[in-house]
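In: fold the following.
(chains A and B)
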Amino acid sequence: MNLSTQPYKGARDFFPEDKRLQKYIFGKWRQVVERYGYEEYDAPIIEPLDLYLAKTGEEIVNEQTYTFKDRGDRQVAIRPEMTPTVSRMVAAKRQELAYPLRWYSIPNLWRYERPQRGRLREHWQLNLDLFGVSGIEAEHEMIMVANEIMRAFGAKWDMYTFRINSRQLMNYLMQDYLGLDVTQAHTLSKVIDSMHKMDQAEFMAQIEAIFSPSQREGGASTKLIRLLRAQSLSELPDEVIVHESVQQLQKLFDLLDGSGITNTRFDISIMRGFDYYTGVVFEVFDTDPANNRSMFGGGRYDGLVGMFGVEPLPTIGFGVGDVTFQNFLETHNLLPDLRPETDLYIVLVGNVYDRAQDIIAELRGMKLNVLVDGYGRSVDKQIKSAVKKDVRYIMFVGDKELSTDSYTLKDLKTGQEAMHGIERIVSIVKDFRSQ
RNA sequence: GUGCCCGUAGUUCAAUGGUAGAACGCCGCUUUGUGGAGGCGGUCACGGGAGUUCGAUUCUCCUCGGGCACCCCA
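Out: This next block holds a predicted model:
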């Protein structure tokens, strides 16, 4: 039996055209975040399993992480997310880093689950974190950066929305306002998370099942329904509005308005899966029905760095997965035609390989990316290869050219060709490249 | 991890319980200093395994892979 040519399930081969797309996306990501002063870091793809056990969330670690024992019998995991790693790194140099600290990375992450649209086992994620700012200004900056990432790819305001909530608010509502214990709160979170997937009656039944008889008598479900109906902060009950977390959210919305970001709304159903979030959480949604899920998101996790035994550090971050992001760009036709890196394809005519070396070296010396067919093939074959590789220009080098030091440049798109000196050719090709 | 659907040349699709066709692609010739048109010729497949059967690409089961939903969602 032949070996399979397929990559491992849910993992990905990046053929040159795929890599070209990845380079385009990563390049823009880097451009945007570096404009805000974020610095790139990196870390190992393998971590001790313990790193995730503490705070990531039980199911994610137990069922969706690649784990194994190394030869020294240590439990290790292939990183399913970057946040614990970056927290570890920051904790390691807690005293010597310059705060506020702005770091980003584009790690390769793995999760063990069944692949489907927008979710593969292997993905890459832009991970952005801001350490040392406890005020709402940090949230403002995060969402500004997220927004600018969207804009950098040409996304219009009606293509995506920000949905914002607060874990602090949810904790207050569940524990103090509704008087739920930890188990009840946990169950309710799950029900709220899936509230858009069931009908009214089923939803009501599930809610009623959570409350104890005395809570029901106390009108807990009525209070809850009113909370869940709130489409904006102002629709929350008066005694909730005065809570600190709501005031913070209000300030955040005001700041975002001031920055011209108005495709935002309060959404009490935004919870996010990780246990480590402590404050504002947000998600970016694609408005196209074809991608009916959250595209990416993040939030505040003030407790994570402190878990490494150092002084706690307020932190906020978000992550953008490349798969869902690419789905978004495709759905909204935001992907440009990506050209290959090769600028010029040299077609050798006749037996001139030796004599052509000087001129080819000169072209490369002038910073053109130059490919030489070089197999002594017929001219039409060489041209066909150039067309297939999607190179825009070919340059013929034959006796005619070498004797006059003037070369035939052909534009494969227009079909036009003309003889030029080398300087002129370089300038034409560079003009095209910089378009 | 659970359920449903699917798996035929490189690609997109046919047909059939008696081992398979097309289109596009690819290779060659037409044309050894010019590609994308046409003509001619050629190349390439039943995901893997087991079972039922005289015989399986076709039916059954398992497995691998893909899609969708659930679970979960960084």
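In: residue contacts, residue A:95?
Out: With contact set as CB atoms under 8 Å, 6 or more residues apart in numbering, residue A:95 has these partners: residue A:310. Every C-beta, even on glycine, is put in place using the N, C-alpha and C of the backbone.
In: buried residues, stretch A:252-267. List them.
Out: For stretch A:252-267, the neighbour count (16 or more other CB atoms under 10 Å) marks A:252-253, A:255-256, A:261, A:263-264, A:266-267 as buried.
In: what does stretch A:339-355 give?
Out: Residues A:342-349, A:352, A:355 are the ones in stretch A:339-355 that count as buried (16+ other CB under 10 Å).
In: low-confidence ranges in the stretch 1-150 of chain A?
Out: Along the stretch 1-150 of chain A, segments meeting pLDDT under 70 span A:1-3, A:54-62.
In: show me where it has strands.
Out: Listed from the start of the chain, the stretch 1-150 of chain A has strands (DSSP state E, counting those that start in this stretch) covering A:39-40, A:46-48, A:67-69, A:75-78, A:101-105, A:108-110, A:122-131.
In: the fifth one and RNA strand B, any residue contact?
Out: No. No part of strand A:101-105 sits close enough to RNA strand B to count as contact by CB under 7 Å from any atom of the strand; the gap is at least 12.1 Å.
In: what of the last one?
Out: Yes. In terms of CB under 7 Å from any atom of the strand, part of strand A:122-131 sits within range of RNA strand B, namely residue A:125.
In: who does that strand touch, helix- and strand-wise?
Out: With contacts defined as 3 or more CB pairs under 8 Å, 6 or more residues apart in numbering; DSSP states H and E, the packing partners of strand A:122-131 are helix A:16-35, helix A:83-92, strand A:101-105, strand A:108-110, helix A:136-152, strand A:315-321, helix A:322-331.
In: what's the first helix or strand after the helix or strand residue A:183 falls within?
Out: Assigned by DSSP states H and E, residue A:183 falls within helix A:182-193. Sequence-wise, the next helix or strand downstream of helix A:182-193 (DSSP H and E) is helix A:200-210.
In: contact residues of the stretch 251-400 of chain A facing RNA strand B?
Out: Remark: the part of the stretch 251-400 of chain A in contact with RNA strand B comprises A:272-274, A:292-294, A:296-298, A:319, A:321, A:349-350, A:378-381, A:383-384, A:387-388, A:396, A:398-400, using CB under 7 Å from any atom of the strand.
In: show me those residues that map onto strands.
Out: Judged by DSSP state E, these include A:294, A:296-298, A:319, A:321, A:396 as members of strands.
In: pLDDT-wise, what's the bottom of those?
Out: The member of those with the lowest pLDDT is residue A:294, at 80.
In: nice, that's everything, thank you.
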